[in-house]
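In: Please work out how this folds:
(one chain, ligands or ions: 2)
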Amino acid sequence: MRASPGDTIAAISTPLGPGGIAVVRLSGNHSVEIGDAIFRGRESLSSSPSHTVHHGRIVTSDGCEVDEVLATVMRSPKTYTTEDMVEIACHGGSMPAGRVLEVCLSQGARLARRGEFTLRAFLNGRIDLVQAEAVADIVSARTRKGLEVALGQLTGSLSGELGTLREKLLDFRAEVEATIDFPREDIEPSAVEAIAEIGRSVVWDVDELLRNCDLGAAVRDGISVAIVGRPNVGKSSLSNALLKRDRSIVTPEPGTTRDAIEDCLHIGGIAVTLIDTAGWRDTNDVAERAGVERAKAAASGAALVALVVDASEGIDALDRAIAETLDPERTLVVANKIDGGATVADEALRSLLDRSGRRAKSRDSSVAGAVTAWVSAATGEGLDELRRLLVTRVLGAVHEEESPIVSNSRHIDALRRVRAGVARAVTLLVEGSPSELAAVEIDDAAAALGEITGETTPDEVLDRVFERFCVGK
Ligand SMILES: Nc1nc2c(ncn2[C@@H]2O[C@H](COP(=O)(O)OP(=O)(O)O)[C@@H](O)[C@H]2O)c(=O)[nH]1
Ligand SMILES: [Mg+2]
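Out: Ligands and ions are numbered 1, 2, ... in the order given. Okay, the predicted model is just below:
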């Protein structure tokens with residue numbers, strides 16, 4: 001996957017199909033030369049200043065006109081790849097762009113592989129691997145929050161944090177190294193303790209980064225919320241009201257919903273998949289029984305369960321029996337139908353989450369009462385608050401995070417290895433094992449840290465990272 005410096009690559013960087021414009025990109029030492037061979041404008045690209053745009057035509061080697069275009073010439077090093085680049089904006093549509101690309105290839109450019117422009121930016125040292133991956137995340141972002149996090153990573157917020165961590169790890173390594181030549185009994189216990197303390201502080205920093213990884217995963221992949229409860233409490237009505245469309249069938253008959261019905265909405269920039277489910281009850285109807293099984297599976301697989309009860313009827317034995325099977329840490333109790341006049345007290349709702357006298361706590365004390373909500377699917381009352389709670393109950397209050405969010409599973413895996421290595425080194429040190437052993441652990445941890453930013457990333461990992469990209473990025 002390594003690029004040889006001499007070869008100049010070309011690709012269509014815009015989606016194929018009809019569109020306003022399409023862009024064909026060239027990068028490499030021969031970009032401007034190839035550009036000159038195929039572009040006819042008022043002046044040649046090679047005689048034009050860097051970062052200028054030129055109107056003209058693309059022609060084949062035998063002078064046949066291909067398209068009318070705008071060509072941008074950008075000289076090394078201030079370009080996306082840091083190499084000389086030419087970008088040709090032609091008419092949209094796969095035909096003009098395909099023909100322009102063909103002409104580039106006929107003049108000696110090679111077709112770029114997936115992500116090869118970004119790979120070159122990485123190999124040429126303009127961005128690190130975290131930033132390269134952020135580019136792919138920006139392109140594939142499905143939510144506003146996902147885009148924000150990826151943009152933060154592109155500007156280097158996570159890279160900066162990892163750099164600080166690396167410095168600390170190297171300090172730790174140097175201190176351990178310094179003790180290698182001394183017999184262990186010659187080293188003061190307080191000196192060993194001081195070195196171990198540096199290691200512990202690295203572990204603490206890694207934990208801080210990993211603390212946000214639930215949020216990171218939620219930002220990337222969204223969260224799932226299963227809506228469960230006994231028949232006829234208004235689960236489908238509530239699901240429809242939250243989605244603002246009639247996705248599930250609603251009737252006054254109990255047992256209407258027999259399948260798990262999924263749909264997606266965005267709350268505060270996070271993608272939330274709602275799963276409306278069949279009401280739980282004992283029944284002889286085969287389809288309904290299968291639906292109840294699906295409801296139970298949805299409840300156990302979802303990040304959050306919204307247990308719906310009927311405020312106009314109050315809590316009954318079936319509500320309690322269902323609540324009993326749920327994990328109180330992942331449950332939000334929702335009292336629906338508050339438009340009927342009657343209501344259920346907070347105490348009563350919370351009691352559904354009591355386990356052996358222990359109260360379910362809200363995860364974040366700043367979100368008071370975050371385990372219960374009151375709504376009317378019919379009038380819409382309380383729905384905005386419920387939308388907010390669905391997200392905060394899973395993620396805690398989504399503050400504007402100060403520390404960067406680790407959202408990539410490759411980074412999370414590497415950080416866990418960093419943590420494990422450093423923690424083992426600290427244990428070896430305080431146990432009085434030879435310092436060499438601790439040093440080996442720290443080296444492994446440093447290698448794992450280097451994998452994240454790309455300093456010590458094996459080629460097959462690089463291949464996997466850049467396979468996620470489109471051609472032309
Ligand atoms: N008054 C009132 N009726 C509701 C409300 N939500 C649902 N219903 C009614 O309750 C019945 C059952 O609703 P449905 O959504 O099918 O309940 P599910 O079986 O839990 O999915 C229907 O007749 C709904 O119109 C509400 O907030 N207020
Ligand atoms: Mg239903």
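In: can you give me the offset of stretch 172-192 from its chain's centre?
Out: Distance, stretch centre to chain centre, for stretch 172-192: 41 Å (C-alpha atoms, centre = their mean, to the nearest Å).
In: Counting neighbours, which bits of that stretch end up buried?
Out: For stretch 172-192, burial by neighbour count (16 or more other C-beta atoms under 10 Å) applies to 172, 173, 175, 176, 179, 192. Bear in mind the C-beta positions are built from the backbone N, C-alpha and C, glycine included.
In: And for stretch 196-203?
Out: 196, 198, 199, 202, 203.
In: So what's the model's average confidence on the helix or strand hosting the last one?
Out: Using DSSP states H and E, the secondary-structure element containing residue 203 is helix 189-211. Mean pLDDT, taken over the full extent of helix 189-211, equals 93.
In: Between all of the buried residues of stretch 172-192, which two are separated the most?
Out: Farthest apart among the buried residues of stretch 172-192 by C-beta to C-beta are 173 and 192. That separation is 15.2 Å.
In: okay, the buried residues of stretch 172-192 in a markdown table with secondary structure and distance to residue 370 next?
Out: What follows is those, written out as a markdown table (DSSP: H, G, I helix; E, B strand; the rest coil; distance: C-beta to C-beta, whole Å):
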| residue | secondary structure | distance to residue 370 |
| --- | --- | --- |
| 172 | helix | 40 |
| 173 | helix | 44 |
| 175 | helix | 44 |
| 176 | helix | 45 |
| 179 | helix | 49 |
| 192 | helix | 45 |
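In: which one of those is nearest residue 422?
Out: Among the buried residues of stretch 172-192, and counting by C-beta to C-beta, the member closest to residue 422 is residue 172, at 7.2 Å.
In: need the contact list for the closest one.
Out: Residue 172 is in contact with 195, 198, 199, 202, 422, 425, 442, counting by C-beta atoms under 8 Å, 6 or more residues apart in numbering.
In: let's go with 10 Å and repeat that
Out: 195-202, 422, 425-426, 429, 438-439, 442, 445-446 (C-beta atoms under 10 Å, 6 or more residues apart in numbering).
In: Distance-wise, check it relative to residue 463.
Out: 32 Å (C-beta to C-beta, to the nearest Å).
In: now residue 45
Out: In terms of C-beta to C-beta, residue 45 sits 33 Å off from residue 463.
In: what about those two, which has more around it?
Out: In terms of neighbours (other C-beta atoms under 10 Å), residue 45 is the more surrounded of residue 45 and residue 463; the figures are 23 against 14.
In: quick one, what contacts the more buried one?
Out: 31-39, 52, 54, 56, 71-73, 84, 86 are the contacts of residue 45 under C-beta under 10 Å, 6+ apart.
In: In strands, which of those residues fall?
Out: Of those, the ones assigned to strands by DSSP state E are 39, 52, 54, 56, 71, 72, 73, 86.
In: what's the closest of the residues you listed to ligand 1?
Out: Distances from ligand 1 to the ones in strands among the contacts of residue 45, taken as C-beta to the nearest ligand atom, are shortest for residue 72 (56.4 Å).
In: Tell me who's in contact with that closest one.
Out: For residue 72, the contact set (C-beta under 10 Å, 6+ apart) comprises 23, 25, 35, 45, 48, 50-54, 85-89.
In: Could I have the buried ones of the residues you listed as PyMOL selection syntax?
Out: Those of the contacts of residue 72 that count as buried under 16+ other C-beta under 10 Å are selected in PyMOL with:
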select buried, resi 23+25+35+45+48+54+85+86+87+88+89
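In: Low-confidence regions, the stretch 151-300 of the chain specifically.
Out: Of all residues in the stretch 151-300 of the chain, none has pLDDT under 70.
In: Around ligand 2, which positions in it sit nearby?
Out: Residues of the stretch 151-300 of the chain lying near ligand 2 by C-beta under 5 Å from the ion: 235, 236, 256, 257.
In: and the residues you listed, which are buried?
Out: Burial by neighbour count, 16+ other C-beta under 10 Å: within those this picks out 235, 236, 256, 257.
In: And the furthest pair within those residues?
Out: It's 235 and 256 that sit farthest apart of these, by C-beta to C-beta, at 9.7 Å.
In: what touches both of those two?
Out: With C-beta under 10 Å, 6+ apart as the test, residue 235 and residue 256 both reach 248, 250, 278, 279.
In: most surrounded residue in those residues?
Out: Result: residue 278 is most packed of the shared contacts of residue 235 and residue 256 (other C-beta under 10 Å), 28 neighbours.
In: Next, please give the residue ranges for the strands of the chain.
Out: Counting by DSSP E, the strands of the chain are 9-12, 21-27, 39-41, 52-59, 65-74, 85-91, 110-111, 223-228, 261-267, 270-276, 304-310, 331-336, 372-374.
In: got those strands as TSV, with distance to residue 292 columns?
Out: Shown next, in TSV, are those (distance: least, C-beta to C-beta, whole Å):
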stretch	distance to residue 292
strand 9-12	51
strand 21-27	52
strand 39-41	67
strand 52-59	64
strand 65-74	61
strand 85-91	57
strand 110-111	54
strand 223-228	10
strand 261-267	14
strand 270-276	13
strand 304-310	15
strand 331-336	18
strand 372-374	24
